[in-house]
Every structure is written in C-alpha cells, then in structure tokens.
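Enquirer: Let me see the structure of the following:
(one chain, ligands or ions: 1)
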Amino acid sequence: LTSRELTQAYLDQIEQHDARVGAFLRVNAEAALKQADTIDRRRGAGEQIGVLGGLPVAVKDLLCQTGEPTTCASRMLEDFRPPYDSTVVAKLKAADAVLLGRTNMDEFAMGGSTENSAFQPTRNPWDLERSPGGSSGGAAACVAAGMAPLSIGTDTGGSIRQPSAFCGVVGMKPTYGRVSRYGLVAFASSLDQAGPISGTVADTALLLQAIAGHDPRDSTSLNAPTPDYTADVDKPLEGLRLGVVKEHFGEGLDPEVDSAVRAAIAAYEAQGAKIVELSLPHSRFAVATYYVIAPCEASSNLARYDGAHYGRRTEERAMLASLQAERKAAQEAGDADALDNIDTALVRMYRQSRSEAIGPEVKRRIMLGAYALSAGYYDAYYLKALKVRRLIRQDFDQAFEKVDMIVGPTTAGPANKLGEFADDPLGMYLLDLYTVSANLAGLPAMSLPCGATKSGMPIGLQLHAPPLEESRLLRAARMFE
Ligand code: GLN
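Expert: Reported below is the predicted structural model:
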C-alpha cells in the first residue's frame, strides 16, 4: 500500500461522512496527496523514512502550522495564519506524517462537547444526536469514523481523554512537559499538553514516539530521554499493582459505566494484577480547583486578543492606525484631554473587538479568571487553588508508593445529547470530574475503550501513572486490549 493510496482512502471516507459528523474544519486534500507522493517517491528511491512512514494525521486547530489557518475554532483567530510550525507539527513533518487537515474543537479548547466551536458542532459518529465530547471532539470523532487513523488533540482538563471515551477510541495525555507546547495556542499554560488519539494502543505509541521529546523552545519541556514506546508497548507487565480509587465510584457514576469499569478491573486481576483499594482524599476538590486555575491562566493568556496586538479587529470603530496617529499628535502637542479621549477610544476598540469575536463560554472564563485574580480575591481563590493543587499532587505521590498505576472511569457517563448543557455551564464542568486531576498533578493518563452501554455508546477506562511513565500506561493498556 502506498501513502497515496492510504491517504486517498481516508480522503474518500471524509468525503462520504464528514458532512454529517463535522469533525474537520478544513481538509487539505491536495497538499496531503502531494505530501504522500513525495514520501512514496523517497521510499521508492530507498531513502530512510520517518516513524510515521506516510500515515495520515489530523491536527486539532490550535497547533500552529506555517501558512495554515489556525483558528482555535474562534472568530478571533479566523484569519490567523502562523508564520511558523509548532514543535508538534514540525515533528509530525519530520516523522513523515501526511497532514490531512484540521479538526474542530471548543473555542480555545474551553468546553467538553465541541459545541463551543464558533464554526460548527461536531457529532458523535456512534449517534449523531450526541456530542463527541470535547474540547478535542473533532480529533476523536475523525478517528472513530475512520476518517483518519491518527490525530493530535490537546488536554488541559480532559480534552483528549473525555472525547476519546465518548467516541470509543484511545487517547493519551502525556506527562506535563513530555510534549512541547511551543506553537500550541495557550489556554492554561500550566495544564495544557498535546497528545495522541488513535484507534489502537500500538498506534498511540507510534504517534507519541513522533511528537515526544525535549524542546529548548518550551521552558517547561522536560529534559528527559524519550523511551522507545513502539518497542515497549508489546512488553506485558508482571506483578502489576493497580490502584482503585474509592472516590472514582461515588455519586453520579452511571451504573453501566460502573459495571464496565469493574469488569475491566476484574480482567486485569485475571491477568495477575494485584488490586489495591485507595483513597485520593483531595480529589473531590479537583473540579473546583481546576475551574479557578484554568480560567485565571486563560484570562491572562487571552489578554493578547484585543484586535490590535492579536486577532480580529472590529470594523465598526475607528481603526487603530488613525487612533495611533492622533495619539502621537496629541502627545507631541501636550494635549492631555485629547490624549485621554483617544485612549478611551482605543479601549473602546479593544472592548468592541473582544465583544464581537469571542464566544460566550470563553468570555465566561475570562471573567471568572479576572475576578479570581483581582486584588481583593487573589488569596481567597487563586492562591487557595494553588495550595489544593499541591495537595492533589501529594495524594497521587502517596498512592504511587503503593501502586504502579491507578485505574478507573474516564467519565461518569456516556456521551451526552447535543444541546444538553446549553444553559448549564456548571453541568458541563462536572463532565471533567475524573480527568482534571491528572492535569493538576501533571501526570500522564490515558483513556481506552472498555465496552459500551446497552444503547451502544462507548465507555472509557482511564489509567493514571506516575510522571514520565507513559510506557507503563501503554503496556498496561495493551494488556487490556
Ligand atoms: N472541559 C474542560 C474545560 O472546559 C477541559 C478542556 C480541555 O482539556 N481543553 O476546561
């Protein structure tokens, strides 16, 4: 099979199904086929080909790619074409991936259903009335619908694992710092991490291999050697000690999810794993902690989108250039009143630009964050959240003295109906119950399919491992597959 044939097969699949699913914001058919041809030609000439060897990969629309619109599913970045590649995209190119196109997401990755996209909703391929999850809903749905074998998502509070669970595919959030954030449009910088989504554990290993590694251009990138995941994945684990967390089986857990996850745990036990009951006492504060820290970082990261420094500028108000010229003249003339008026006009322009081009959920996050960071509330909210975050990490550190890995549900229930949370942002936030802890603690975690509900919706099993133990996750996941 040539890379062209493979790429064409996925393009045909997209052609046939994506009008209904809506996983892609843009498909780059021509460029992809050209790339495939080049790889085929090089292979034919006996050249060494990268690890992805001409496999198509879909990329979430928040990883910069030279000349390719990178919108974050926001009107604010509708016309943004980065002049550079993110490290993830550069590594995909170097590994000889074929870049198929860009997948839909919640605006700026804020959300859990992909309905916050400014452009289109994405539907769950298993039931078009349901959400694929989010924010990497397009990335998970395209793999589930056979429209791409591999895709890249990002996970700030569960956005790789939750849609993977809802769509019945495999998704991994690597250790914070394992994959470079250079060129990843920031949501909450201390939590954001890109990672692989695919149909199998072996493919997850392959894609992780391609994108992992130290990057001096990201100051939080970990300077640790990258293991050979593709070789590690097939080595079974012996004497595995698996932690089962009592807080993961509390109120709100769907009974069908509960029984599928318990069956998975029994399957591990049958393979010789030792099951250890655990408690992560601070996990009940995880959602509250996350929804302080993530919006705080978001309000700071998104301050740049004012229509002047970055992003779409309002058309209704005076343009920046003329305001700036007037400002300069007023300054030279020492006219304080005129200066004041112009500054007010500038602020009006920023405000108007942001009002027009930023969606309601993103506005909500910016306001929550700005409030929690404001002088009178900083200690009570942001600082407190940082302290609880530390306690959540300590819970995991203590747990990992007793077990090698933690196993539980990825989400409390199967995929929700589209529109279910339209007027209920808090209900939406609760979808993140089991996923945000890994981000707060910086741990690697993975979701893999572990059955389905009676109505046929996929159920996800979640594994957590200590920092940098992605190989362990892959090996354990492979045992279950
Ligand atoms: N659902 C979470 C949120 O809305 C997680 C998003 C993410 O991981 N990008 O913030």
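
Enquirer: Next up, the contacts around Gly146.
Expert: The contact partners of Gly146, taken as C-beta atoms under 8 Å, 6 or more residues apart in numbering, are Tyr10, Gln13, His17. Every C-beta, even on glycine, is put in place using the N, C-alpha and C of the backbone.

Enquirer: With Asp340 instead?
Expert: Not one residue lies near Asp340 by C-beta under 8 Å, 6+ apart.

Enquirer: same thing with the one 10 residues further on?
Expert: Tyr350 sits next to Asp306, Gly307, Ala308 when contact means C-beta under 8 Å, 6+ apart.

Enquirer: Number of residues surrounding the residue of the stretch 201-350 of the chain found nearest the ligand?
Expert: Closest to the ligand within the stretch 201-350 of the chain is Ala294: 5.4 Å, counting by C-beta to the nearest ligand atom. By the other C-beta atoms under 10 Å criterion, the neighbourhood of Ala294 contains 28 residues.

Enquirer: for the one 4 residues further on, same thing?
Expert: When neighbours are defined as other C-beta under 10 Å, Ala298 has 25 of them.

Enquirer: That one: what's it in contact with?
Expert: Contact partners of Ala298, counting by C-beta under 8 Å, 6+ apart, are Phe108, Met110, Phe187, Ala188, Val362, Arg365, Ile366, Gly369.

Enquirer: Let me know the secondary structure of the last one.
Expert: Here Gly369 is helix, with the state taken from DSSP: H, G, I helix; E, B strand; the rest coil.

Enquirer: Burial check on it, number of neighbours?
Expert: Per other C-beta under 10 Å, the neighbour tally for Gly369 reads 26.

Enquirer: Give me the nearest residue to it, chain neighbours excluded.
Expert: In space, and not counting its chain neighbours, Gly369 is closest to Ser299: 3.0 Å by C-beta to C-beta, 6 or more residues apart in numbering.

Enquirer: And the residue most central in space within the chain, how close does it get to the ligand?
Expert: In the chain, the centroid-proximal residue (C-alpha atoms, centre = their mean) is Thr154; its distance is 2.0 Å. Noted for Thr154: a distance of 6 Å to the ligand, by C-beta to the nearest ligand atom, to the nearest Å.

Enquirer: re the thing from before, surely the residue nearest to Gly369 and Leu373 touch.
Expert: Yes: under the contact definition of C-beta atoms under 8 Å, Ser299 touches Leu373, with a separation of 6.6 Å.

Enquirer: rewinding a little: mind putting the contacts of Ala298 into JSON lines with distance to the ligand, secondary structure and pLDDT?
Expert: Rendered in JSON lines, the data for the contacts of Ala298 read as follows (distance: C-beta to the nearest ligand atom, whole Å; DSSP: H, G, I helix; E, B strand; the rest coil; pLDDT from 0 to 100):
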{"residue": "Phe108", "distance to the ligand": "8", "secondary structure": "helix", "pLDDT": "98"}
{"residue": "Met110", "distance to the ligand": "5", "secondary structure": "coil", "pLDDT": "98"}
{"residue": "Phe187", "distance to the ligand": "6", "secondary structure": "coil", "pLDDT": "98"}
{"residue": "Ala188", "distance to the ligand": "8", "secondary structure": "coil", "pLDDT": "98"}
{"residue": "Val362", "distance to the ligand": "10", "secondary structure": "helix", "pLDDT": "98"}
{"residue": "Arg365", "distance to the ligand": "8", "secondary structure": "helix", "pLDDT": "97"}
{"residue": "Ile366", "distance to the ligand": "13", "secondary structure": "helix", "pLDDT": "97"}
{"residue": "Gly369", "distance to the ligand": "12", "secondary structure": "helix", "pLDDT": "98"}
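
Enquirer: Buried by neighbour count, from those residues: which ones?
Expert: Restricting the contacts of Ala298 to buried positions leaves Phe108, Met110, Phe187, Ala188, Val362, Arg365, Ile366, Gly369, with burial counted as 16 or more other C-beta atoms under 10 Å.

Enquirer: Just send the residues you listed back as a markdown table, with distance to Arg41 too.
Expert: Converted to a markdown table, the buried ones among the contacts of Ala298 look like this (distance: C-beta to C-beta, whole Å):
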| residue | distance to Arg41 |
| --- | --- |
| Phe108 | 39 |
| Met110 | 42 |
| Phe187 | 39 |
| Ala188 | 42 |
| Val362 | 44 |
| Arg365 | 47 |
| Ile366 | 48 |
| Gly369 | 50 |
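
Enquirer: Can you point out the buried residues in the host helix or strand of the residue nearest to Gly369?
Expert: Secondary structure from DSSP states H and E places Ser299 in helix 286-301. For helix 286-301, burial by neighbour count (16+ other C-beta under 10 Å) applies to 286-287, 289-301.

Enquirer: Could you do stretch 354-364 as well?
Expert: Applying a neighbour-count criterion of 16+ other C-beta under 10 Å, the buried positions in stretch 354-364 are Arg354, Ala357, Ile358, Gly359, Glu361, Val362.
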